[in-house]
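Novice: coordinates for the following, if possible.
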Amino acid sequence: MQGMMIALISGALMSIQGVFNTDVTKQTSTWVAAGWVQITAFLVCVLAWFLTGREPIGGICQVKPWYTLLGGVIGAFITITVIGSMNALGPAKAAMVIVIAQLIVAWLIELFGLFGMEKTEFSFRKLIGMGIAIGGIVLFKWE
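Specialist: Here you go, the predicted model:
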């Protein structure tokens, strides 16, 4: 239940952040807004690090595989693409498409055991669920 609550909070915060970032972008530029998001996120993380135990920073040099350190780079592109999609589609449509894309990619990662994740079996039920979710987007977007 705790995981479900955290996921719900995460989804809500992502939608709110997307709206805020889109507004900041309209008043500045994409790169200024994305940079602001990343800098303020870094500052919050530094503050949290000071308040919660100060694990050694050098541990980051021991992370394997190295490509998992690209999360921050990916985060910058997430910020930019969320801003662009919310600006073009509006918050509700953008969030729906973003969530479906997350779901499809996450399922493929599990299905093929990518990035060290445990491989799962193919399921027609999950495939049908994906189809229904995509149909929901089409229905929601239908004018």
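Novice: show residues contacting stretch 40-59.
Specialist: Counting by Cβ atoms under 8 Å, 6 or more residues apart in numbering, the neighbours of stretch 40-59 from elsewhere in the structure are G75. The C-beta positions use only the backbone N, C-alpha and C, and glycine is treated the same way.
Novice: likewise stretch 10-24?
Specialist: For stretch 10-24, contacts defined as Cβ under 8 Å, 6+ apart pick out 32-34, 36-37, 79, 82-83, 85-87, 91, 94-95, 98-99.
Novice: same thing with stretch 85-93?
Specialist: 15, 18-19, 21-22, 25-26, 94-95, 97-98, 137, 140-141.
Novice: so how far is the host helix or strand of A33 off the chain centroid?
Specialist: With secondary structure defined by DSSP states H and E, A33 is part of helix 30-52. The chain centroid and the centroid of helix 30-52 are separated by 16 Å under Cα atoms, centre = their mean, to the nearest Å.
Novice: how near is the residue sitting nearest the centre point of the chain to M4?
Specialist: Here the mean C-alpha position of the chain is nearest to the C-alpha of I78 (Cα atoms, centre = their mean), at a distance of 6.4 Å. Shown here: I78 relative to M4, a distance of 22 Å by Cβ to Cβ, to the nearest Å.
Novice: please apply the same query to C45.
Specialist: Going from C45 to M4 by Cβ to Cβ gives 25 Å.
Novice: go on, K26?
Specialist: Using Cβ to Cβ, one obtains 34 Å as the distance from K26 to M4.
Novice: between these two, point out the one with more neighbours.
Specialist: Shown here are K26 and M4; by other Cβ atoms under 10 Å, K26 has more neighbours (12 against 8).
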